[in-house]
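S.K.: next comes the sequence, and after it the predicted model I'd like to discuss.
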Amino acid sequence: MTKQEKKRLSAVLRATEFLFLENIALKLVLEHRKVPNWQKLLERLLTDKEMMAGVRLKFSDVYKEIEASTDPSAALELFLGELPAPKKTH
């Protein structure tokens, strides 16, 4: 694996880690605040065809770019640039 590939893979892992931690934090806040039925609300959102179509549309562009590109990592970097950046801790 080249240095550039390692850098790209690290960016993917950092973004994934951040989104995973953010997801856990949101679940903990919902449980701590005793938001009733938050899991049912989540299930309803995940079965919402319009919302899921929007999510699929965003990712379908990335998949198409990866398939059409001779350098799929460039498409991946473009996608990663749109993800929220981890907050700096002091």
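M.R.: It's in.
S.K.: for the most centrally placed residue in the chain, give its distance to Arg8.
M.R.: When the chain is reduced to its mean C-alpha position, the closest residue under CA atoms, centre = their mean turns out to be Leu19, at 5.8 Å. Taking CB to CB, to the nearest Å as the measure, Leu19 falls 17 Å from Arg8. (Each C-beta comes from the backbone N, C-alpha and C, glycine too.)
S.K.: which ones are touching Glu50?
M.R.: Contact criterion CB atoms under 8 Å, 6 or more residues apart in numbering gives no residues in contact with Glu50.
S.K.: flag every buried residue along the helix or strand encompassing it.
M.R.: When elements are assigned from DSSP states H and E, Glu50 belongs to helix 49-68. Residues of helix 49-68 classed as buried: Val62 (neighbour count, 16 or more other CB atoms under 10 Å).
S.K.: what about that helix, distance to the chain center?
M.R.: Mean-position distance between helix 49-68 and its chain equals 12 Å (CA atoms, centre = their mean, to the nearest Å).
S.K.: pull the CA atoms of the next helix or strand after that helix into CSV?
M.R.: Remark: after helix 49-68, the chain's next helix or strand is helix 72-82, criterion DSSP H and E. Extracted in CSV, the C-alpha atoms of helix 72-82 (Å, rounded to 0.1, in the frame of the first residue of the first chain):
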residue,chain,number,x,y,z
PRO,A,72,-11.6,5.8,-7.5
SER,A,73,-9.8,7.3,-4.6
ALA,A,74,-10.5,10.8,-6.0
ALA,A,75,-14.2,10.1,-5.9
LEU,A,76,-13.9,8.9,-2.4
GLU,A,77,-12.0,12.0,-1.3
LEU,A,78,-14.7,14.1,-2.9
PHE,A,79,-17.3,12.3,-0.8
LEU,A,80,-15.2,12.5,2.4
GLY,A,81,-14.9,16.2,1.9
GLU,A,82,-18.7,16.5,2.3
